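J.: Next input, structure requested:
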Amino acid sequence: MSEHAERFVILAAPRSGSNMLCTMFNSHPDVLCHHEIFNPRGIFYALELRNSEFNLGSMAERDRRPLAFLERLWKQPLGHSQIGFKMTHWQNPEALDALLGDPDIKKIVLRRNNRIKTHVSRVIAEHRDIWEDYSNDDEPGLPINRITLDLDELYKDIDLNNRYYEEICSRITAAGQTYCFLEYEALTSAASQQKALRFLGLDNHPLQVTSRKQNPDDLQLLVKNFDQIAMQLDDARLAKELRA
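T.: The predicted model follows:
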């Protein structure tokens, strides 16, 4: 590993803005931020490297020896002083254990406050099988994809995400480490960006977003049974999130 390359990892539940944060970090001249390198469907490098000759190995090699794969990644910052990637949920437990246990790897925990929008976005992404959108702002966006919201599935998803965040945060703090907590809803604010850059030890620099929000519409337009769900929700905070 280059002696000048600091390492970091973004830990987030799916549909929490991690793709957006990766593109924002990559707009900084000192940062190389890959996307989900341990995704079970593929190895997702930083956008600018996806159609290049950059290659750390096959998925089979990655899954067979994840820590060796990680070492190859750390050793190729490509001239940047900071190198990192994102990880969602419990992708590759062996790699996650190594990341959480290494105090020299900086941890950024990203969470979306609106739990219903997190779940609805995940369901729509699964239906479309589209998880990223980097199209030009001048191009028409994806058509509205309305879903029928299942409350039981919503509660399961919320519980899964809660358990994930509780585990990673408790493991980080139990090891005497710190982490930078970021909120999806504030990612584009100057204060949030400065906080993240300070945590990485970088000077302030305006960050640009190149990912595109896939479901910008209100939940009332995305959820077919919106009125029914509104009547069934007995959690005041969830009811507020539904109408946010």
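
J.: pLDDT below threshold where in this structure?
T.: 1-3, 130-144, 211-216 (pLDDT under 70).

J.: what's the longest helix in the chain?
T.: Looking across the chain with DSSP state H, the single longest helix is helix 151-174.

J.: Packing partners of that one?
T.: With contacts taken as 3 or more Cβ pairs under 8 Å, 6 or more residues apart in numbering; DSSP states H and E, helix 151-174 sits against helix 93-101, strand 105-111, helix 115-128, strand 179-183. The way it works is simple: take the backbone N, C-alpha and C, and place the C-beta from them, glycine included.

J.: which of the residues in the third one are buried?
T.: Neighbour counts over helix 115-128 (16 or more other Cβ atoms under 10 Å) mark Arg115, Ile116, Lys117, Thr118, His119, Val120, Ser121, Arg122, Val123, Ile124, Ala125 as buried.

J.: could you say what helices and strands that helix packs with?
T.: helix 151-174, helix 219-222, helix 236-242.

J.: hang on, Ala12 packs against Ser18?
T.: Yes: Ala12 lies in contact with Ser18 (Cβ atoms under 8 Å); the separation is 4.2 Å.

J.: Spell out which residues are contacts of both of the two.
T.: Here Ala12 and Ser18 have Lys86, Thr88, Leu110 as joint contacts, going by Cβ atoms under 8 Å, 6 or more residues apart in numbering.

J.: partners of the last one in the sheet?
T.: This means Leu110. Ala12, Leu182 (DSSP bridges).

J.: In this structure it contacts Leu21, no?
T.: Yes: using Cβ under 8 Å, Leu110 is in contact with Leu21, at 5.9 Å.

J.: and those two? which has more neighbours close in?
T.: Leu21 (26 against 23; other Cβ atoms under 10 Å).

J.: Tell me which helix or strand that one sits in.
T.: Per DSSP states H and E: Leu21 is located in helix 18-26.

J.: Name the residues that touch that helix?
T.: 10, 12, 31-35, 46-48, 82, 84-86, 88, 108, 110, 131-132, 134, 182, 187, 193, 196, 207-211, 213.

J.: Sort out which of these are in helices and list them.
T.: Gln193, Ala196.

J.: Filter the contacts of helix 18-26 down to the buried ones.
T.: Of the contacts of helix 18-26, these count as buried by 16+ other Cβ under 10 Å: 10, 12, 31-35, 46-47, 82, 84-86, 88, 108, 110, 131-132, 182, 187, 193, 196, 207, 210-211.

J.: For Tyr165, find the nearest of the helices and strands packed on helix 151-174.
T.: Nearest of these to Tyr165, taken as Cβ to Cβ: strand 105-111 at 6.2 Å.

J.: possible to save the buried residues of helix 115-128 as TSV with distance to Asn225?
T.: Below are the buried residues of helix 115-128 laid out as TSV (distance: Cβ to Cβ, whole Å):
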residue	distance to Asn225
Arg115	17
Ile116	13
Lys117	16
Thr118	18
His119	14
Val120	12
Ser121	17
Arg122	17
Val123	13
Ile124	15
Ala125	19
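
J.: Among the residues you listed, which one sits closest to Gly42?
T.: Nearest member of these to Gly42, counting by Cβ to Cβ, is Ala125, at 15.0 Å.

J.: Just list the residues touching the residue lying farthest from the centre of the chain, thanks.
T.: Most distant residue from the mean C-alpha position of the chain: Met231, 31.6 Å away (Cα atoms, centre = their mean). Going by Cβ under 8 Å, 6+ apart, Met231 touches no other residue.

J.: Does Ala175 touch Asp97 like I think?
T.: No: under the criterion of Cβ under 8 Å, Ala175 is not in contact with Asp97, lying 11.1 Å apart.

J.: sorry, back to before: any chance of the helices and strands packed on helix 115-128 in JSON lines, with mean neighbour count and distance to Glu71 too?
T.: What follows is the helices and strands packed on helix 115-128, written out as JSON lines (neighbours: other Cβ atoms under 10 Å; distance: least, Cβ to Cβ, whole Å):
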{"stretch": "helix 151-174", "mean neighbour count": "14", "distance to Glu71": "21"}
{"stretch": "helix 219-222", "mean neighbour count": "16", "distance to Glu71": "42"}
{"stretch": "helix 236-242", "mean neighbour count": "14", "distance to Glu71": "41"}
